[in-house]
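J.: Predicted model and sequence follow; I will ask about them next.
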Amino acid sequence: MSNVEAAPVEMRCGEPVGDRPPPETPRVEVLSPREVPLGGPRAMSVRRTLPQRARTLIGAWCFADHYGPDDVAGTGGMDVPPHPHTGLQTVSWLFSGEVEHRDSLGSHAFIRPGELNLMTGGYGIAHSEVSTPRTTVLHGVQLWVALPEEHRNAGRDFQHHVPEPVRIDGAEIRVFLGALAGDVSPVRTFTPLLGAEITLQPGAAITLATDTAFEHGVLVDSGQVRVADTLLRPAELGYVPAGLGALSLANPSDGPARTILLGGPAFEEQIVMWWNFIGRTHEDIVRAREDWEASSGRFGGVEGYPGNRLRAPGLPNATIMPRGNRPRS
């Protein structure tokens, strides 16, 4: 998915290595979303929890959009024209509906509920995303992962994976990246990552073994979920710092609750993120924008989309300045 904001915020992001709370008393930082429209007056909107001023990264996860359930009869659904990416991987995951994906690698695939599509932008890729005519309700998440310096100019790639559900203690878990609850995803990433959908039945409570080097984010899609002693409501993202060997989730309500669990070790590198590009300097962003606007071969072309590609927004009238996570008190 593209960041279609007309004036995207520029960021140089990094996770400071501050003091961590002891494992037995995890502090959960609650991040509230902001609404971002994906197009014109009838277009669907998304709820964005990453990046924001309070926190810009969780592990290498640097972007989280949560959308739906969206009645496409009223909004027209998703129609994102060809647009570029650099320095990142896109992670697409649906709860309902279907999205057609085309990219400049030549991939033509469909995103369906419970199926992972992961695309590597690296040095440069372009793609389009359009909800299909048979979609009535569109509902899902779009996530980005920052690539580390040694791999940020990697070649284009596209991977598809359908995880088998794991059922334990009233929970159903689908691990699409990394390892959790005895399941391991075969999908290749450039830093250690965790990504999983977890659905908790009414009253269910689970404790999951986790990597102590990982910080985690719990994004609530539906229902309410208690993480340690903190209750998260729909569309909220709870941040849990590294140092824990286990993560406790509970559903205190009388209906099911669904979450997306993200994780990874703190991403120590400084990155600059603007529009759909991730680089290391302001000049990286300027160069990527110029290459896209000039239709250079860096991004390639997307075949089969019936329309024009997205134009890049104008750059800010200043050098992109650093912005990172606020130190935890």
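T.: Everything's here; your move. Computed from a prediction, not measured in an experiment: that's the story for all the values here.
J.: Tell me how far Ser92 lies from Arg112.
T.: 10 Å (CB to CB, to the nearest Å). For every residue, glycine as well, the C-beta is placed using N, CA and C.
J.: Comparing these two, which residue is more hemmed in?
T.: Ser92 (22 against 15; other CB atoms under 10 Å).
J.: looking at the sheet around that one, what are its partners?
T.: Beta-bridge pairing of Ser92, defined through DSSP bridges, involves Asn117, Gln142.
J.: What are the neighbouring residues in contact with Ala246?
T.: Residues in contact with Ala246, defined by CB atoms under 8 Å, 6 or more residues apart in numbering, are Thr207, Leu208, Ala209, Thr210.
J.: The last one is in contact with Leu247, isn't it?
T.: This points to Thr210. Yes: look at Thr210 against Leu247 with CB atoms under 8 Å: they come within range, at 4.9 Å.
J.: Now for those two: what residues contact both?
T.: Common neighbours of Thr210 and Leu247 (criterion: CB under 8 Å, 6+ apart): His216.
J.: ok, the nearest residue to Glu215 once chain neighbours are set aside - how many residues close by?
T.: Distance criterion CB to CB, 6 or more residues apart in numbering; nearest residue to Glu215, sequence neighbours excluded, is Ala242 at 4.5 Å. When neighbours are counted by other CB under 10 Å, Ala242 registers 21.
J.: follow-up on the earlier one: what is the nearest of the contacts of Ala246 to Cys62?
T.: Thr210 (20.4 Å; CB to CB).
J.: Can you get me a residue count around that closest one?
T.: So Thr210, with other CB under 10 Å, has 20 neighbours.
J.: Show me where the stretch 201-329 of the chain has its strands.
T.: Along the stretch 201-329 of the chain, the stretches classed as strands by DSSP state E, counting those that start in this stretch are 205-209, 214-222, 225-227, 230-232, 237-240, 246-250, 257-265, 271-274, 277-279.
J.: possible to save the ones you listed as a markdown table with mean pLDDT?
T.: Formatted as a markdown table, those follow (pLDDT from 0 to 100):
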| stretch | mean pLDDT |
| --- | --- |
| strand 205-209 | 97 |
| strand 214-222 | 98 |
| strand 225-227 | 98 |
| strand 230-232 | 97 |
| strand 237-240 | 98 |
| strand 246-250 | 96 |
| strand 257-265 | 98 |
| strand 271-274 | 92 |
| strand 277-279 | 95 |
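J.: export those strands to JSON lines and tack on distance to Gly155?
T.: Below are the strands of the stretch 201-329 of the chain laid out as JSON lines (distance: least, CB to CB, whole Å):
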{"stretch": "strand 205-209", "distance to Gly155": "34"}
{"stretch": "strand 214-222", "distance to Gly155": "27"}
{"stretch": "strand 225-227", "distance to Gly155": "38"}
{"stretch": "strand 230-232", "distance to Gly155": "38"}
{"stretch": "strand 237-240", "distance to Gly155": "31"}
{"stretch": "strand 246-250", "distance to Gly155": "35"}
{"stretch": "strand 257-265", "distance to Gly155": "22"}
{"stretch": "strand 271-274", "distance to Gly155": "20"}
{"stretch": "strand 277-279", "distance to Gly155": "16"}
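J.: For Gly297, which of the ones you listed is the nearest?
T.: The closest of these to Gly297 is strand 277-279. By CB to CB, the value is 16.8 Å.
J.: contacting residues around the longest helix seen in the chain?
T.: In terms of residue count, the longest helix belonging to the chain (DSSP state H) is helix 282-293. With contacts defined as CB under 8 Å, 6+ apart, helix 282-293 is touched by 10, 84, 86-87, 124, 272, 274-275, 277, 279, 298-299, 311-312, 315, 319-320.
J.: what does stretch 250-257 give?
T.: 199-206, 220, 222-226, 231.
J.: Filter those residues down to the buried ones, ChimeraX style.
T.: To isolate the buried members of the contacts of stretch 250-257 in ChimeraX, using 16 or more other CB atoms under 10 Å:
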select :199,200,204,206,220,222,223,224,225,226,231
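J.: Relative to Gly124, how far out is Glu115?
T.: Using CB to CB, Glu115 is found at 26 Å from Gly124.
J.: Between those two, which is the more surrounded one?
T.: Gly124 (22 against 18).
J.: close enough to count as contact, the more buried one and Gly279?
T.: No: counting by CB under 8 Å, Gly124 does not reach Gly279; the two are 11.4 Å apart.
J.: isn't Tyr123 right up against Ser296?
T.: No: using CB under 8 Å, Tyr123 is not in contact with Ser296, being 11.3 Å away.
J.: quick one: which of those two has more around it?
T.: Tyr123 (17 against 12).
J.: Find the helix or strand that the more buried one is a member of.
T.: Using DSSP states H and E, Tyr123 sits within no helix or strand.
J.: What values do phi and psi take at it?
T.: Here is the backbone geometry of Tyr123 (degrees, to the nearest 10): phi -60, psi -30.
J.: Quick check: closest non-adjacent residue to it.
T.: Asn153 (4.3 Å).
J.: Gln159 now?
T.: Leu118 (4.6 Å).
J.: Next up, the contacts around that neighbour.
T.: Leu118 makes contact with Gln89, Thr90, Val91, Ser92, Phe158, Gln159, His160, His161, Leu177, Val187, Thr189 under the criterion CB under 8 Å, 6+ apart.
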